[in-house]
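Q: sequence below, structure please.
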Amino acid sequence: MNQRILSALLLLFVIAGLLVWYNGSEKPVPARPIGKAISIPAPLGLPPVPVSDDNPPTAETIALGRRLYYETRLSSDNTVSCSTCHDPRTGFSDPKAVSQGVQKRHGTRNSPTVLNSVYYSTQFWDGRADSLEQQAEGPMQNPVEMAHTLHGVEQKLAADPSYQTEFQTAFGPGGITIKRVVNAISAFERTLVSGNSPFDRWYYGHDEKAVSDSVKRGFQVFRDPRKGNCESCHTVNQHYALFTDNKFHNIGIGATEDKVTDPGRFSVTHADADTAAFKTPTLRNIALTGPYFHDGSRRTLKEVMDFYIGGGNSNPHLDKEVHALDFLTAQERADLLAFMEALTGDIPPNSGPPTQSVAQQPASIPEGK
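A: I've put the predicted structure just below:
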């Protein structure tokens, strides 16, 4: 009897060892695209579009990512897609103060525009993601947003034969993995670059008729350190303008003298100086992407301007560049508003919901040389 038990235990150990060896010997499914990498042209006013060495854009991954961007099956109850909170009809942002996820759950922050997010060195208001790929993974697991699991997303997409075909076309054999999902979404998001605004056509294209005299005066107010001093955070370079310094600032939203309502960047770095500091948003397409600030607390650009004119909310960590602008004249304020409205650029083509299957869609981005 004891001999039989020992033999059975030995057999179990052998089987367990074989399973460990088998699982350990499995190669990870490659997530690098197999198609020919293509270039994404940058419009007037923007620098070359950054790409990932591990995820070079291809026609196939861009088309697949476009479909996934509008796919509600990424959420647990099939009601929320990326476009729910980053809607192309509102400049790829959310017109609500804070976004609404599954089962009408509300978040705590406003959804920023995806347009030109490829130029950000970090993602989210607090910069907790280092890449578009990492950012794309976050909402799927967030209990307020999509409330799904990464494995659940893989299973749900794999149940659709058309997705199986399209993932194989884009990435080769190996099935659907979350890494392939986020690589495809990110490839599409890298095409969402918007420039060629009236400001760009004037300032970089040298077309003096592209904007009004009010816009030109407003730009001077924007740049002048003795006036608006806006350029200290919303940067403008000689050949392009991102209108963000890619840094984090406490402007008096999220903190008062005696209370912190949102720790902001501090939750990532745990540095005291980052308390209630948030990423500088781009001003491109700002007229389309209200409400404003990380909490969506200001509905209009005039309200934003009035906030800065008042010097923000005083708190121990207020950025040194934030100060009252109540000395600006009524004309200067109107000119500054006209300037911001002139930053509305072209919405990239082939960025709305796809009407054809990925396999049928033509490449929307010209091939690089």
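Q: now the helices for the protein?
A: Applying DSSP state H to the chain gives helices spanning 2-25, 59-69, 82-85, 132-141, 150-158, 161-171, 178-189, 198-203, 213-223, 266-269, 301-309, 330-341.
Q: mean pLDDT and distance to residue 232 added to these, as CSV?
A: Any C-beta I mention is one placed from the backbone N, CA and C, and that applies to glycine too. Output for these, formatted as CSV (pLDDT from 0 to 100; distance: least, C-beta to C-beta, whole Å):
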stretch, mean pLDDT, distance to residue 232
helix 2-25, 52, 53
helix 59-69, 98, 34
helix 82-85, 97, 30
helix 132-141, 96, 26
helix 150-158, 97, 40
helix 161-171, 98, 42
helix 178-189, 98, 28
helix 198-203, 98, 18
helix 213-223, 98, 9
helix 266-269, 98, 21
helix 301-309, 96, 12
helix 330-341, 98, 15
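Q: mind putting the ones you listed in JSON lines, distance to residue 122 and mean neighbour count included?
A: As requested, these are arranged in JSON lines below (distance: least, C-beta to C-beta, whole Å; neighbours: other C-beta atoms under 10 Å):
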{"stretch": "helix 2-25", "distance to residue 122": "34", "mean neighbour count": "9"}
{"stretch": "helix 59-69", "distance to residue 122": "20", "mean neighbour count": "26"}
{"stretch": "helix 82-85", "distance to residue 122": "18", "mean neighbour count": "22"}
{"stretch": "helix 132-141", "distance to residue 122": "9", "mean neighbour count": "20"}
{"stretch": "helix 150-158", "distance to residue 122": "21", "mean neighbour count": "17"}
{"stretch": "helix 161-171", "distance to residue 122": "26", "mean neighbour count": "18"}
{"stretch": "helix 178-189", "distance to residue 122": "14", "mean neighbour count": "26"}
{"stretch": "helix 198-203", "distance to residue 122": "25", "mean neighbour count": "22"}
{"stretch": "helix 213-223", "distance to residue 122": "25", "mean neighbour count": "19"}
{"stretch": "helix 266-269", "distance to residue 122": "9", "mean neighbour count": "17"}
{"stretch": "helix 301-309", "distance to residue 122": "23", "mean neighbour count": "17"}
{"stretch": "helix 330-341", "distance to residue 122": "24", "mean neighbour count": "19"}
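Q: how about those helices in a markdown table, adding distance to residue 290?
A: Shown next, in a markdown table, are the helices of the chain (distance: least, C-beta to C-beta, whole Å):
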| stretch | distance to residue 290 |
| --- | --- |
| helix 2-25 | 51 |
| helix 59-69 | 22 |
| helix 82-85 | 14 |
| helix 132-141 | 21 |
| helix 150-158 | 31 |
| helix 161-171 | 35 |
| helix 178-189 | 21 |
| helix 198-203 | 18 |
| helix 213-223 | 18 |
| helix 266-269 | 25 |
| helix 301-309 | 7 |
| helix 330-341 | 11 |
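Q: nearest to residue 108, out of these?
A: helix 266-269 (11.7 Å; C-beta to C-beta).
Q: other SSEs contacting that closest one?
A: If you count contacts as 3 or more C-beta pairs under 8 Å, 6 or more residues apart in numbering; DSSP states H and E, helix 266-269 packs onto no helix or strand.
Q: pull the CA coordinates from it and hand them back as PDB.
A: Provided in PDB are the C-alpha atoms of helix 266-269 (Å, rounded to 0.1, in the frame of the first residue of the first chain):
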ATOM      1  CA  PHE A 266       2.500  63.800  -6.000                       C
ATOM      2  CA  SER A 267       0.700  60.400  -6.200                       C
ATOM      3  CA  VAL A 268       3.300  59.300  -8.700                       C
ATOM      4  CA  THR A 269       6.600  60.900  -7.400                       C
END
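Q: what lies in contact with that helix?
A: 126-128, 272, 274-277 (C-beta atoms under 8 Å, 6 or more residues apart in numbering).
Q: pull out the buried residues from these.
A: 126-127, 274-277 (16 or more other C-beta atoms under 10 Å).
Q: just those residues now: which is nearest residue 212?
A: residue 277 (35.1 Å).
Q: quick check: that closest one touching residue 250?
A: Yes: assessed by C-beta atoms under 8 Å, residue 277 is found in contact with residue 250 at 4.6 Å.
Q: between those two, what contacts are shared?
A: 264, 317, 319.
Q: now the buried ones among the contacts of helix 266-269 as CSV including pLDDT and distance to residue 313?
A: Listed next are the buried ones among the contacts of helix 266-269 as CSV, based on pLDDT from 0 to 100; distance: C-beta to C-beta, whole Å:
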residue, pLDDT, distance to residue 313
126, 98, 19
127, 98, 21
274, 97, 17
275, 96, 13
276, 96, 9
277, 98, 13
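Q: of all the residues you listed, which comes closest to residue 62?
A: Distances from residue 62 to the buried ones among the contacts of helix 266-269, taken by C-beta to C-beta, are shortest for residue 127, at 25.7 Å.
Q: mind listing what that closest one touches?
A: 248, 265, 268, 279.
Q: and the third one, how far from residue 109?
A: Between residue 268 and residue 109 the distance, using C-beta to C-beta, to the nearest Å, works out to 14 Å.
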